[in-house]
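> can you look at this prediction? I've put the sequence above it.
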Amino acid sequence: MGYKDVYDSWKADPDAFWMEAARAIDWDTPPSQALFDRGDHMYEWFADGMVNTCWNAVDRHVEAGRGEQTAIIYDSPITHTKREISFVELRNRVAMLAGALRAKGVEKGDRVIIYMPMIPEALEAMLACARLGAVHSVVFGGFAAHELAVRIDDATPKAIIAASCGMEPGRVVHYKPLLDNAIEQATHKPDFCVIFQREQEVAKLIPGRDYNWHGFQYGVQPADCVPVEGNHPAYILYTSGTTGQPKGVVRHTGGHLVALNWSMKNIYNVDPGDVFWAASDVGWVVGHSYICYGPLIHGNTTIVFEGKPVGTPDAGTFWRVISEHKVRSFFTAPTAFRAVKREDPKGGFIAKYDLTDLRAVFLAGERADPATIEWAQEHLKVPVIDHWWQTETGWSIAANPLGIEELPVKLGSPTVPMPGYDVQILDEAGHPLPDGELGAIAVKLPLPPGTLPTLWNAEGRFQKSYLDHFPGYYETGDAGMKDAEGYLYIMARTDDVINVAGHRLSTGAMEEVLASHADVAECAVIGVTDDLKGQLPLGFLCLNAGCNRPHDVIVKESVALVRQQIGPVAAFKLACVVDRLPKTRSGKILRATMVKIADSETFKMPATIDDPGILEEISQALRGLGYAK
């Protein structure tokens, strides 16, 4: 069956389609049906089945005789450490940790916050919670104390599992003082904390509250897997909200298992035993879905990488890891590739490594500009696939399903909707728009398995944030269009569509043009307030390493490129060269913050910002153009 056959078979009988996919999961009690309609546009999947995530991710592979297969490869160029953990070793470690948590009172339904860096123990903590039916909430390691406190108060965890520190190139990030400060600030207090002491920094433990990871497990009985309902929350993952109060995205157990397992073969085209690498962090949704759960559920070897695309030690680190560990399918963010391309524009490092095992590269997290995809295709000689999804959905809304059929790549498009997603382009009134017209991207309800059924303790906010604007649809918050062949184009977040003298224009389309300039490594376009035209586009350009041409010449050429390819209607005249762009730790450019700075509005420092110092550099550049007064 080709893509169209598979998609049509889902559309013809969604229940039968997902019940068939559910047969690949080990159920304690199989579900009687796939979809449960709870009314008021609220849905659940496989709600009456009984199942355990940890069993499906770990134990069943041991029982099937594959216990000696490597489950996790840990590769840390920052600490010069490499090690491998087999499925049988992983089962034993997770069962002991779960037994120790249970001995301290953690039970099904209790919340546990995990605050750890990219080390295998972070995955072990997640799986130990899943083993008990406890609901974990991973908070990005090194997150500010106030933001961690907000999450402690929202999730009300019985326990917190943390590491003593995280490692960044050239510095140690002190986790324990941040954790202590957060618990002090929070109204809710956890019963206890478990601290994994790293060699690079041993943290001071508070007697009676804090336990050493290893000592805490001494002499306990290993825990068996606890079956939970299909609609039992597997985890809560906080994503930033517009109000400053984070939104706790809930993931139900049954749908999560079925969707991730289905995606590993059908989208990423890996078979059990293949090595799969998602270069992300466990603090993000990619880390949950495709470092921890997806690969392990499907029986793949997953890589836990503690490093950066450049600087650990150089722009060849991705290719070293792929070559050394025989990676079949590689997933990263476009921003990581842009960083590599900026340091190594001619791809010199790629030629140094044997990448014959690599079959495909997947990009997600933000729009993949055609220039970056073309660079990767040219140097890697494998399909480079842009695909589109969100924290809320947990897996691809649109992708090129390599395990079903490799569809032609259209630059700038994440290809086509996956089964379960009926994607529509709507105008402001909620009416479908014709092909080629820019509008709001929405998904007809119900959403497929694995997506968010609600927000933690905030059903009203869930309705308001996602369902109220377009009744009967999930509002993605992205803007884009479809072409005649059903390919989707994600042009911008809805608030990145700017109105220039009555013309609705996508800043993403302008970024595509700017990124095609030979000297531009990375760029961002924002809309600034203009008395005459309402809004005007303003571009920020980061140049390739070694570029020594005059900045004003590059700016002039960039302005001319936009005029030539989009037309005078874009009114693109303002641009400046900057060293770097403000980003979240997952690589998303903080465009909304940049707009507020340009328009001289007050703004809240984004909790997820990678380096707050960059904002002052952006302010200076804007002042040079007459903004940010």
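That came through fine. Numbers count the residues shown, from 1 in each chain.
> could you pull up the contacting residues of the nearest residue to residue 486 once chain neighbours are set aside?
With sequence-adjacent residues excluded and distances taken as Cβ to Cβ, 6 or more residues apart in numbering, residue 486 is closest to residue 416, at 5.5 Å. Glycine gets a C-beta too; all of them are placed from N, C-alpha and C. By Cβ atoms under 8 Å, 6 or more residues apart in numbering, residue 416 lies in contact with 3, 7, 398-400, 407, 486-488.
> for the chain, what's the longest helix?
helix 87-103 (DSSP state H).
> just the C-alphas of that one, formatted as CSV.
Taking C-alpha atoms only, helix 87-103 is exported to CSV below (Å, rounded to 0.1, in the frame of the first residue of the first chain):
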residue,chain,number,x,y,z
PHE,A,87,17.6,-4.0,27.5
VAL,A,88,18.2,-6.6,30.3
GLU,A,89,20.4,-4.1,32.2
LEU,A,90,17.9,-1.3,31.6
ARG,A,91,15.1,-3.5,32.9
ASN,A,92,17.0,-4.3,36.1
ARG,A,93,18.1,-0.7,36.7
VAL,A,94,14.6,0.7,36.1
ALA,A,95,12.9,-2.1,38.3
MET,A,96,15.3,-1.2,41.2
LEU,A,97,14.7,2.5,40.9
ALA,A,98,10.9,1.9,40.7
GLY,A,99,11.1,-0.4,43.8
ALA,A,100,12.9,2.4,45.7
LEU,A,101,10.4,5.0,44.7
ARG,A,102,7.5,2.6,45.7
ALA,A,103,9.2,2.0,49.1
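> could you list every helix and strand that it packs against?
Secondary-structure packing of helix 87-103 (3 or more Cβ pairs under 8 Å, 6 or more residues apart in numbering; DSSP states H and E): strand 70-76, helix 120-132.
> apply 6 Å and report the result again.
Contacts defined by 3 or more Cβ pairs under 6 Å, 6 or more residues apart in numbering; DSSP states H and E place helix 87-103 against helix 120-132.
> mind listing residues that contact the helix it packs on?
For helix 120-132, the external contacting residues (Cβ atoms under 6 Å, 6 or more residues apart in numbering) are 53-54, 72, 74, 85, 93-94, 97-98, 102, 106, 112, 114, 116, 136, 161, 196, 223, 225-226, 282, 292, 304.
> cool, and stretch 236-252?
Residues from elsewhere that reach stretch 236-252, judged by Cβ under 6 Å, 6+ apart: 137, 151, 154-155, 231, 233-235, 391-392, 394, 452-456, 604.
> now do residue 178 against residue 200, distance only.
Remark: distance between residue 178 and residue 200 (Cβ to Cβ, to the nearest Å) = 16 Å.
> can you check residue 615 too?
29 Å.
> what does residue 261 give?
36 Å.
> what about the closest residue to residue 320 other than its chain neighbours, neighbour count?
What sits nearest to residue 320 in space, not counting adjacent residues and going by Cβ to Cβ, 6+ apart, is residue 353, at 6.1 Å. Using other Cβ atoms under 10 Å, residue 353 has 16 neighbouring residues.
> what values do phi and psi take at residue 353?
When read as degrees, to the nearest 10, the backbone of residue 353 gives phi -120, psi 150.
> residue 537 - that's part of a strand, no?
Yes. According to DSSP: H, G, I helix; E, B strand; the rest coil, residue 537 belongs to a strand.
> count of neighbours near it?
Other residues near residue 537 come to 24 when the count uses other Cβ under 10 Å.
> I figured it hits residue 525, correct?
Yes. Assessed by Cβ atoms under 6 Å, residue 537 is found in contact with residue 525 at 5.2 Å.
> shared neighbours of these two, which are they?
Shared contacts of residue 537 and residue 525 (Cβ under 6 Å, 6+ apart): residue 510.
> residue ranges with poor pLDDT in the stretch 101-250 of the chain?
By pLDDT under 70, the weakly predicted segments of the stretch 101-250 of the chain are 240-244.
> quick check: chain neighbours aside, which residue is closest to residue 333?
Using Cβ to Cβ, 6+ apart, the nearest residue to residue 333 is residue 365, at 3.8 Å.
> so the one you found is in which element?
Using DSSP states H and E, residue 365 falls within no helix or strand.
> for it, report the pLDDT, please.
Residue 365 carries a pLDDT value of 82.
> so who does it touch?
Contact analysis of residue 365 by Cβ under 6 Å, 6+ apart lists 333, 586-587.
> mind running it again at 7 Å?
Residues near residue 365 by Cβ atoms under 7 Å, 6 or more residues apart in numbering: 333-334, 586-588.
> residue 521 now?
338, 341-342, 542-544.
> just residue 411 next, same as before
370, 373.
> doesn't it lie inside a strand?
No. Going by three-state DSSP, the assignment for residue 411 is coil, not a strand.
> and the closest residue in space to residue 66 that isn't next to it in sequence, how many neighbours?
Closest residue in space to residue 66, ignoring its immediate chain neighbours: residue 87 at 6.2 Å, by Cβ to Cβ, 6+ apart. Look at residue 87: counted by other Cβ under 10 Å, it has 25 neighbours.
> following element in sequence after the longest helix of the chain, please.
strand 111-115.
> got the angle between that next one and helix 87-103?
120 degrees (axes from the mean of the first three to the mean of the last three Cα atoms, to 10 degrees).
> residue 508 reaches residue 491, doesn't it?
Yes. In this structure, residue 508 is within contact of residue 491 by Cβ atoms under 7 Å, at 4.4 Å.
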